[in-house]
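K.L.:
Here you go, sequence then predicted model.
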Amino acid sequence: SKSHLQTFTFQKKFNYNLIKNGLKNLIVLGTCYEYGKVEGAISENHNCNPHIPYSLAKLKLLKSILDLKKKYIFKFTWLRPFFVYGLNDKRKTLYSLIKEIDEGKDIKLNVCGSLVRDFLSIEYLIKVIFKISKLNQDIGILNVCSGKKITIKNFIISNLKNKEKIKRINMN
């Protein structure tokens with residue numbers, strides 16, 4: 001939503017205050033959506049062409065931090081995770097909908113089963129963040145992904161415990 005762009009000012013001030021007051025190592029989560037609509041493998045130096053307010057706000061935040069690096073000395077890592085999944089009570093995701101179908105909730109799901117994604121478990125992302133924080137290095141932009149492409153259909157099948165419920169999912 002457009003609220004992402006509205007909160008940018010607060011995030012920019014927050015980071016400025018952290019750095020101005022002596023923070024030496026800043027790690028921030030960006031998003032793979034910064035790249036826009038792209039197919040295939042993506043490296044960190046791939047051009048960004050975002051299409052949604054969320055990714056536009058993330059890129060503005062990245063630019064503001066890079067501007068801070070011109071004035072202050074601190075280590076910085078911008079992580080771009082790809083399609084993170086795991087339990088999340090706050091919002092509906094493909095993964096949370098799969099779990100609701102498993103629990104017997106009355107949900108009909110329509111997805112493009114042939115769409116290919118690089119899903120990343122939240123557990124793996126947490127391990128990456130922890131390891132990077134321990135490195136205490138100036139890494140810059142880093143894509144975080146599994147490196148394994150999988151179709152939406154196969155992701156659903158591999159995460160759906162009750163395979164009989166597959167009938168509730170339209171995977172055209």
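P.N.:
That came through fine.
K.L.:
Where is the longest strand in the protein?
P.N.:
strand 75-81 (DSSP state E).
K.L.:
And the contacts of that one?
P.N.:
The contact list for strand 75-81 (CB atoms under 8 Å, 6 or more residues apart in numbering) reads 24-32, 34, 44, 62, 65, 69, 120, 125, 128-129, 132, 136-145. Just so you know, the C-beta spots here come from the backbone N, C-alpha and C atoms, and that holds for glycine as well.
K.L.:
Residue 27 reaches residue 133, doesn't it?
P.N.:
Yes: contact criterion CB atoms under 8 Å: residue 27 and residue 133 qualify, at 6.1 Å.
K.L.:
Have a look at those two and say which one is more surrounded.
P.N.:
In this view residue 27 and residue 133 are compared by other CB atoms under 10 Å, and residue 27 has more residues nearby, 16 against 11.
K.L.:
Setting aside sequence neighbours, what's the nearest residue to the more buried one?
P.N.:
For residue 27, ignoring the flanking residues on the chain, the nearest one in space by CB to CB, 6 or more residues apart in numbering is residue 77 at 4.7 Å.
K.L.:
where do the helices sit along the chain?
P.N.:
Here the chain has its helices, by DSSP state H, at 3-20, 53-71, 94-102, 122-135, 152-159.
K.L.:
okay, these, which one's buried deepest?
P.N.:
Stretch with highest mean neighbour count among the helices of the chain: helix 94-102 (a mean of 18; mean count of other CB atoms under 10 Å).
K.L.:
Helix 122-135 and that one, what's the angle between them?
P.N.:
If you take axes from the mean of the first three to the mean of the last three CA atoms, to 10 degrees, helix 94-102 sits at 150 degrees to helix 122-135.
K.L.:
Give me the helices and strands touching helix 94-102, please.
P.N.:
The contact analysis (3 or more CB pairs under 8 Å, 6 or more residues apart in numbering; DSSP states H and E) places helix 94-102 against strand 109-110, helix 152-159.
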